[in-house]
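1. Turn this into a model:
(one chain, ligands or ions: 1)
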Amino acid sequence: MQWTRTETLALAHQACSICYGLGLRPGRGGASAPCNCVFRAIFRACYARFKQCASKEKYISRVSLEANPGRQRRSVWGLKDEEFIADFCLVSKRTLTPREHFIFKFHYLYGADWKLCCRRMGIDRGTFFHEAYRIEQKLGKTFRELEPHALFPVDEYFNSTTREQMHSSLIHKVEMEELPKAAKLLRFPLKRAA
Ligand SMILES: [Zn+2]
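-> Below you'll find the predicted structure:
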């Protein structure tokens, strides 16, 4: 995929001290590359949608009948929320190192705050936020550049026609492993023991 200046400009953090709100920073060989604030903005948009999907009363939720614009014009059952949740979890697991994924799960999926994460991992506040930033940057970049189905822009993901084969076995796997816990904990985030 190609990044455009319009896209990075729209996503950049206005007060960013690296790109000054332009969304681009000098990359390799003199070419410019998207700034980390752009990647973090992408991650946050996807994470907000993930929380919205996972926090629904039942995570097995909306089943929509969608028209398939292909030659056969048959309709297919779409499970967009579940698809998004599964992609969000699986792409993250694939992209992050085991240590990063541990933080990702504990903080972003289970809702543990920074104090609890620091205590659990034996790290200080600065180290925690440094790692959290790196996770958000890495995932934001991957969510946007993922082919053939990028998770961002989120609206495009949800408006696209349903994929040929829904990986039901894959979704089932994530569901069984992560979702009941994540969905519950997002509504009642982990708290430090008094
Ligand atoms: Zn920036």
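2. Next to the ion, which bits of this structure? Give me the list.
-> The chain comes close to the ion at residues 16, 18-19, 35, 37, as judged by Cβ under 5 Å from the ion. Where C-beta positions appear, they are placed from N, C-alpha and C, glycine not excepted.
3. Residues contacting whichever helix in the chain runs longest, please?
-> Secondary structure of the chain per DSSP state H: the longest helix is helix 125-145. For helix 125-145, contacts defined as Cβ atoms under 8 Å, 6 or more residues apart in numbering pick out 1, 34, 36, 38-44, 46, 91-92, 95-96, 100, 103-104, 107-108, 114, 117-118, 121, 123, 150-152.
4. Redo the residues of the chain next to the ion as a markdown table? Include secondary structure, distance to Lys138 and pLDDT.
-> Shown next, in a markdown table, are these (DSSP: H, G, I helix; E, B strand; the rest coil; distance: Cβ to Cβ, whole Å; pLDDT from 0 to 100):
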| residue | secondary structure | distance to Lys138 | pLDDT |
| --- | --- | --- | --- |
| Cys16 | coil | 18 | 96 |
| Ile18 | coil | 16 | 94 |
| Cys19 | coil | 18 | 94 |
| Cys35 | coil | 14 | 96 |
| Cys37 | helix | 14 | 97 |
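5. Thr8: which of the residues you listed is nearest?
-> Closest approach between these and Thr8, by Cβ to Cβ: Cys35, at 7.0 Å.
6. Can you give me every residue that contacts the closest one?
-> The contact partners of Cys35, taken as Cβ under 8 Å, 6+ apart, are 8, 12, 16, 18-19, 22-25.
7. Can you tell me which of these has the most neighbours?
-> Most neighbours among these, by other Cβ atoms under 10 Å: Gly23, with 25 neighbours.
8. Report whether the expected contact of that one with Cys37 is present.
-> Yes. Between Gly23 and Cys37 there is a contact under Cβ atoms under 8 Å: 7.2 Å.
9. Common neighbours of those two, please.
-> In contact with both Gly23 and Cys37: 11-12, using Cβ under 8 Å, 6+ apart.
10. circling back to that earlier point, may I ask which two of the contacts of Cys35 are separated the most?
-> The most widely separated members of those are Thr8 and Ile18, with 12.1 Å between them, by Cβ to Cβ.
11. picking that back up, output the residues of the chain next to the ion in CSV, with distance to Asp81 appended to each entry.
-> Shown next, in CSV, are the residues of the chain next to the ion (distance: Cβ to Cβ, whole Å):
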residue, distance to Asp81
Cys16, 32
Ile18, 35
Cys19, 34
Cys35, 31
Cys37, 28
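12. Thank you, goodbye.
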